[in-house]
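S.K.: Just need the structure, nothing else, for what follows:
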Amino acid sequence: MSRSSQLKIALIQADLFWKEKTANFSMFEEKIWEIGQKVDLIVLPEMFPTGFSMDVEELAEPMNLTVCKWMQQQAAQTGAVITGSAIIKENQQFFNRLLWVEPRGKIEFYDKRHLFRMAQEDEHFGPGTRLPVFELKGWRILPQVCYDLRFPVWSRNSHVDGQMAYDLVFYVASWPAARVSAWDALLPARAIENLAYCIGVNRVGVDGNEVRYCGHSGVYDFKGNRLLNLGEQEITKVISLDGEALLDYRQKFPAWMDSDQFSIDL
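M.R.: Residues are numbered from 1 along each chain as shown. Predicted coordinates:
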């Protein structure tokens, strides 16, 4: 599939209602409506329906129930892919699952691989065992969730027959303000080392565990230059990524040809 020269993406940086799905759905519906223009992809934060909670028995739901149906509805109404993570139960196990929902209703997903043990996430959720690459308008897009950002091997951009595995990597997050300096440093690092665009969408506000979040959602190009910074307030921003500029840079500076080849045992 040929890549579209432009990919238009909306980043929604929001405060979340603690463990209140209906309130969060209503809030995000309003923010999505306020985008006011046609976009290709809408990115919501990690655990956008509930906040980052370990109360899995209370908050989890199976696939194709409330969260999935709401996302399908929003995707159909906007004509855009919508993505963000939620607590999903499958085969008696819980996952922090990033859902990728297309306008025609198709759902793909990625389960968070690296579980944040400092909040006991590893005691409540199962780790992901697959690393999908989604396609949108010919762009190859790698999904990641929050703590994954600290593990560069997991998102390493491989290459086969002169083609890189992905063009854009994005992170949906509930990244606390106390460690935002790491967030600000690692997002451009992932862009530089993988010769790809990198997006991070974080939340703001204070959750039910009194953890504070300060946003700093952003977009970085393949050189690590910051193209967009959402600051610390609730805000929605739209940006267009340039596919031709990416391809041109990879041809002029083919560092990817010298990268180490390896495989990951899952």
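S.K.: partners of the lowest-mean-pLDDT helix or strand in the chain, with directions?
M.R.: Of the helices and strands making up the chain, the lowest-confidence element is strand 159-160, at a mean of 82, by mean pLDDT, DSSP states H and E. Note on strand 159-160: by DSSP bridges, its sheet partners are strand 163-164 (antiparallel).
S.K.: and the strand it pairs with, how far out from the chain's middle?
M.R.: Its chain's average C-alpha position is 21 Å from that of strand 163-164, according to C-alpha atoms, centre = their mean, to the nearest Å.
S.K.: How about stretch 47-65?
M.R.: Relative to the mean C-alpha coordinate of its chain, stretch 47-65 is positioned 17 Å out (C-alpha atoms, centre = their mean).
S.K.: and that stretch, which residues are buried?
M.R.: Buried residues in stretch 47-65, counting neighbours by 16 or more other C-beta atoms under 10 Å, are found at 47-54, 56, 59-60. Every C-beta, even on glycine, is put in place using the N, C-alpha and C of the backbone.
S.K.: need the strands for the stretch 1-150 of the chain, in chain order.
M.R.: If DSSP state E, counting those that start in this stretch is used as the criterion, the strands of the stretch 1-150 of the chain fall at 6-13, 41-43, 81-90, 93-101, 107-111, 134-136, 139-145.
S.K.: Indicate which one of these is closest to His216.
M.R.: Between His216 and these, the shortest gap by C-beta to C-beta is with strand 6-13, which sits at 8.7 Å.
S.K.: Adjacent strands (with direction) for that closest one?
M.R.: Each strand that strand 6-13 pairs with, and the sense of that pairing, follows from DSSP bridges: strand 41-43 (parallel), strand 235-242 (antiparallel).
S.K.: Burial-wise, tell me which of those comes out on top.
M.R.: By mean neighbour count, with neighbours taken as mean count of other C-beta atoms under 10 Å, strand 41-43 ranks first of those at a mean of 24.
S.K.: and it, average pLDDT?
M.R.: For strand 41-43, the mean pLDDT works out to 99.
S.K.: Nearest to Val172, out of the strands paired with strand 6-13?
M.R.: Judged by C-beta to C-beta, the one of the strands paired with strand 6-13 that comes nearest to Val172 is strand 41-43, at 6.5 Å.
S.K.: which residues touch that closest one?
M.R.: Under the criterion C-beta atoms under 8 Å, 6 or more residues apart in numbering, residues 7-12, 32, 35, 74, 78, 80-84, 136, 170, 172, 199, 201 lie in contact with strand 41-43.
S.K.: Now list the buried members of these.
M.R.: Looks like the contacts of strand 41-43 have 7-12, 32, 35, 74, 78, 80-84, 136, 170, 172, 199, 201 buried, using 16+ other C-beta under 10 Å.
S.K.: Need the contact partners of stretch 60-80.
M.R.: Residues external to stretch 60-80 that are found in contact with it (C-beta under 8 Å, 6+ apart): 10, 21, 25, 28-29, 32, 35, 38-42, 49, 81-82, 84, 86-90, 94, 99, 101-105, 107, 109.
S.K.: change it to 6 Å
M.R.: Residues lying outside stretch 60-80 but in contact with it, judged by C-beta atoms under 6 Å, 6 or more residues apart in numbering, are 25, 32, 39-40, 42, 49, 82, 86-87, 89, 94, 99, 101, 103, 105.
S.K.: How about stretch 149-164?
M.R.: Residues outside stretch 149-164 that contact it (C-beta under 6 Å, 6+ apart) are 113-114, 144, 148, 165-166, 169, 171, 186, 194, 196, 256.
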